[in-house]
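S.K.: return a 3D structure for these sequence lines:
(chains A, B, C and D)
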Number of protein chains: 2
Amino acid sequence: MERRATIKDVAEAAGVGVATVSRVLSGGSASPRTRERVLAVAAQLDYRPSALGRNLRQRRTGGMGLLVPDLTDTFYGQLAEGVLACARSAGEPVVLGSTGGDPEQEAELIGMLLEQSVDRLIAVPSGDAETWTPAFRAGMTVVFADHLPAQALPEDDPAASAANDLMLLDGLSPAAAPPSRSLDVPAVVADDRGGIRTAVRYLRGLGHKRIAFLGGPGQERRVAAFRAAVGPPVDEELVVFGTGSRDSAYAAASGLFQSRPDLTAVVAGGNVLGEAAVLAARELDLRVPRDVSLVMYDDVPWAELCAPPLTVIAQPGRDMGYRAAELVLRAGTRRPRSVVLPTELIVRGSCGPRR
Amino acid sequence: MERRATIKDVAEAAGVGVATVSRVLSGGSASPRTRERVLAVAAQLDYRPSALGRNLRQRRTGGMGLLVPDLTDTFYGQLAEGVLACARSAGEPVVLGSTGGDPEQEAELIGMLLEQSVDRLIAVPSGDAETWTPAFRAGMTVVFADHLPAQALPEDDPAASAANDLMLLDGLSPAAAPPSRSLDVPAVVADDRGGIRTAVRYLRGLGHKRIAFLGGPGQERRVAAFRAAVGPPVDEELVVFGTGSRDSAYAAASGLFQSRPDLTAVVAGGNVLGEAAVLAARELDLRVPRDVSLVMYDDVPWAELCAPPLTVIAQPGRDMGYRAAELVLRAGTRRPRSVVLPTELIVRGSCGPRR
DNA sequence: ATGAAAGCGCTAACAC
DNA sequence: GTGTTAGCGCTTTCAT
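M.R.: Residues are numbered from 1 along each chain as shown, chains lettered A, B, ... in the order given. You can find the predicted model right below:
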């Protein structure tokens, strides 16, 4: 294989200057005659402009970065597929990173992207506002997906973060919200509030009183929505969290079922948590839905394979990714605005009347 | 945010030449005194070398490309996680593309990577040898994962490809294999032959005679292994294929069950096919394992959630990705050799004695 | 409409 | 051991 043709080769072969070639290929002005000749020569030499040269000149890499916590979580797989679909149709590259839900790894990956001069980023954030400062300071255009970063508020007020988050995205008075960097950052999220509320009402309608929430990292809005939907008062023992890994999700679910055998329904905040709930229930000989009803956030293909098939709150993962990619690519043209996508309660077989 | 510091800034501030800075930062020779000063200044200015400049100079992008058919397929998610883990520990970026199993999209993505001067690539190939010619001609280092590209043999001999593939990777005499470009390309694959053989023997041991294979694209080696394990003679009606989408997998599974109600067991060549088999069986009121036994290739978290839990042939997706990334990064140092990773039959509840 | 020329930030000769 | 310099391939003034 021999050296790839450069713009200089094309210019020489076409008997024009390099600037002309550049103009023709990027749709600038040129006489029809010249244009035609350049195009012909370029095709003949199988010329492909090198992104390297262009990027250096423009001091930025095209395309976008994508940061997700874990690609074996089907929801993030769907999200990534959406991003990739949009990027592909735009011919843009996507640099991918998996953070494992760890703010430190996230920070490192942000550093790597900065080094690559990737200045557009779609992220399902794991770290808090502080983790994201370097990205903003460097002038990155970032669009968050699924949820916003935690606000890194004083430790004595863990609930404020969620409440704040909720207000912002539910469109309450901005004046009521404290000023925050996150306010400026667009995000593509699902209507968590609506989804959770619908699920809780559905369970209530079946007679359930003691409903638990099994949450994971980054689900502040969902928890807040759950609290709002069931309470007050909220039975705090019925709100438990895993750290993101399958093991910790299982531990949380198992602990919940054992410490509160009186609960009759649980809402899992994501598919990994739902999986854990099914496993833990089976291990403890709890029958779904006879002994315990289950609603899971995320519709994933295997929800239908479960026995019984799982009732879920579906969110459009692929669309979310696609929209986020659109936003990040259009940034500069129009100021990105946050997007809230609808959720849908899909009733299958994992919920029954209170026993 | 202000302009990032360049190597020149560091050089000036440290009172040395740019070359010295470059040397210090890339571990070249420098006096301890100088080294220390440069490092201090660099840290002070928060200097990060721009990959753009380095890449252009070296006429290649660092890192690697990764091409998979579909990220919502959990197996590819696992594979990608492995690749990302290795890349992260090397501090290298990964440019991701999803082909949808379509050779044309694959070709386009290869073109995009070429344009980016990405010269290392890990791919679960969808196209045949011809699709891959441009990558090889451009001098890309490619490592295939999961399987090799189809050989694009004469149309009258569809089986030869599989047979050929099989020979190569099972380590049979290279002299017996036709010369082929693919021979030179390293790959990281699972021991399909062993996995399938074990599964078939297991089913045979349960008394099953009419065992079907439900395959997908790129599973030539698995089909070949299946044929070898059950036959001859092979009941060709019991070997059916989907095209890769969930819909087509379902159609194939459903068609199989309806056209051959006498079959008593099926081996699904991948998790999407397994999912389809479970769904189709349920739709047709076939009970697993009473009416039909099922073994699925791929261990995925939801296999355990199924009712009954699925007996699977586990392959180490994450390891495969990690190993592939290692190979592609070490290329140049040592000549990459193909790797075959072991599979394991995990017996759960989806197989029973022949009814 | 077109060409000449100046870099973008970096590394690798090459000279000292 | 260290500085100087010449580009890598491209876009973009600035003349013409």
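
S.K.: confirm A:Val267 sits in a strand?
M.R.: Yes - assigned with DSSP: H, G, I helix; E, B strand; the rest coil, A:Val267 falls within a strand.

S.K.: hmm, it is touching A:Thr198, no?
M.R.: No - using Cβ atoms under 8 Å, A:Val267 makes no contact with A:Thr198, being 10.7 Å away. Where you see a C-beta, it was placed from the backbone N, CA and C, and this is true even at glycine.

S.K.: quick one: which of the two has more around it?
M.R.: The residue with more neighbours, out of A:Val267 and A:Thr198, is A:Val267; 31 against 17, by other Cβ atoms under 10 Å in any protein chain shown.

S.K.: list the contacts for the more buried one?
M.R.: Listed by Cβ atoms under 8 Å, 6 or more residues apart in numbering or on different chains, the contact partners of A:Val267 are A:196, A:199-200, A:203, A:211-214, A:226, A:295-297.

S.K.: tell me where chain A has helices.
M.R.: A:7-14, A:18-25, A:32-44, A:51-58, A:74-89, A:103-115, A:129-137, A:158-170, A:192-205, A:220-230, A:246-259, A:271-283, A:317-330 (DSSP state H).

S.K.: just checking, what packs against the longest one?
M.R.: It stands for helix A:74-89. In terms of contact count using 3 or more Cβ pairs under 8 Å, 6 or more residues apart in numbering or on different chains; DSSP states H and E, helix A:74-89 is assigned the packing partners strand A:64-68, strand A:94-98, helix A:317-330, helix B:74-89, strand B:94-98, helix B:103-115.

S.K.: what's the answer for the last one, then?
M.R.: In terms of contact count using 3+ Cβ pairs under 8 Å, 6+ apart, helix A:317-330 is assigned the packing partners strand A:64-68, helix A:74-89, strand A:120-123, strand A:141-145, strand A:187-190, strand A:339-341.

S.K.: quick one: name the residues of chain A near DNA strand D.
M.R.: Chain A comes close to DNA strand D at residues A:3-4, A:6-8, A:18-19, A:21-23, A:25-26, A:48-50, A:52-54, A:56-58, as judged by Cβ under 7 Å from any atom of the strand.

S.K.: and DNA strand C, which of the residues you listed reach it?
M.R.: Among these, the residues that sit close to DNA strand C (Cβ under 7 Å from any atom of the strand) are A:18-19, A:23, A:53, A:56-57.

S.K.: ChimeraX command for the buried members of those residues?
M.R.: Here is the ChimeraX selection string for the buried members of those, based on 16 or more other Cβ atoms under 10 Å in any protein chain shown:
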select /A:23,53,56
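
S.K.: and the ones next to DNA strand C among the residues of chain A next to DNA strand D, which two are the farthest apart?
M.R.: Across these, the longest distance by Cβ to Cβ is 19.0 Å; it joins A:Arg23 and A:Leu56.

S.K.: smallest gap between the stretch 251-355 of chain A and DNA strand C, at which residue?
M.R.: Nearest residue of the stretch 251-355 of chain A to DNA strand C: A:Gly332, at 19.4 Å (Cβ to the nearest atom of the strand).

S.K.: got phi/psi on that residue?
M.R.: Backbone torsions of A:Gly332, given as degrees, to the nearest 10, read phi 100, psi -50.

S.K.: any idea of the pLDDT on the closest residue to DNA strand D within the stretch 201-350 of chain A?
M.R.: Nearest to DNA strand D, among the residues of the stretch 201-350 of chain A, is A:Gly332, at 13.0 Å (Cβ to the nearest atom of the strand). On pLDDT, A:Gly332 comes in at 78.

S.K.: tally of neighbours for it?
M.R.: With other Cβ under 10 Å as criterion, A:Gly332 counts 10.

S.K.: now do A:Ser31
M.R.: Close neighbours of A:Ser31, defined as other Cβ under 10 Å, add up to 10.

S.K.: tell me how far it lies from B:Ala265.
M.R.: 71 Å (Cβ to Cβ, to the nearest Å).

S.K.: identify the residue spatially nearest to A:Thr243, adjacent ones excluded.
M.R.: Excluding the flanking residues, the one nearest A:Thr243 by Cβ to Cβ, 6 or more residues apart in numbering or on different chains is A:Pro217, at 6.4 Å.

S.K.: and that neighbour, how far from DNA strand C?
M.R.: From A:Pro217 across to DNA strand C, the span is 35 Å (Cβ to the nearest atom of the strand, to the nearest Å).

S.K.: ok, that residue - how many residues close by?
M.R.: Residues lying near A:Pro217 (other Cβ under 10 Å) number 20.

S.K.: now do A:Ser29
M.R.: Counted by other Cβ under 10 Å, the residues lying close to A:Ser29 total 9.

S.K.: and whatever residue of the stretch 251-355 of chain A ends up closest to chain B, how many neighbours does it have?
M.R.: Closest residue of the stretch 251-355 of chain A to chain B, Cβ to the nearest Cβ: A:Ala307 (2.8 Å). A:Ala307 is flanked by 17 other residues according to other Cβ under 10 Å.

S.K.: care to break chain A down by domain?
M.R.: A:1-48, A:63-189+A:319-341, A:192-315 (automatic domain parsing).

S.K.: mind putting the ones you listed into CSV with distance to B:Ala277?
M.R.: Shown next, in CSV, are those (distance: least, Cβ to Cβ, whole Å):
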stretch, distance to B:Ala277
domain A:1-48, 44
domain A:63-189+A:319-341, 19
domain A:192-315, 10
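
S.K.: mean pLDDT for the ones you listed: which is lowest?
M.R.: Mean pLDDT per stretch puts domain A:63-189+A:319-341 lowest among those, at a mean of 84.

S.K.: ok, now which ones touch the residue nearest to A:Glu237 when sequence neighbours are not counted?
M.R.: Counting by Cβ to Cβ, 6+ apart, A:Glu237 lies nearest to A:Arg260, which is 5.9 Å off, once chain neighbours are set aside. Going by Cβ under 8 Å, 6+ apart, A:Arg260 touches A:210, A:212, A:237-238.

S.K.: top of the residues you listed by neighbour count?
M.R.: For these, counting by other Cβ under 10 Å, the largest number of neighbours falls to A:Ala212: 25 neighbours.

S.K.: that one reaches A:Phe241, doesn't it?
M.R.: No - between A:Ala212 and A:Phe241 no contact is recorded; they are 11.4 Å apart, counting by Cβ under 8 Å.

S.K.: how many other residues sit next to whichever residue of the stretch 151-300 of chain A sits closest to DNA strand D?
M.R.: Closest residue of the stretch 151-300 of chain A to DNA strand D, Cβ to the nearest atom of the strand: A:Pro186 (25.3 Å). Counted with other Cβ under 10 Å, the neighbours of A:Pro186 add up to 18.

S.K.: wait, what's in contact with the nearest residue to it once chain neighbours are set aside?
M.R.: In space, and not counting its chain neighbours, A:Pro186 is closest to A:Pro336: 3.7 Å by Cβ to Cβ, 6+ apart. Residues near A:Pro336 by Cβ under 8 Å, 6+ apart: A:141, A:143, A:186, A:327-328, A:330.
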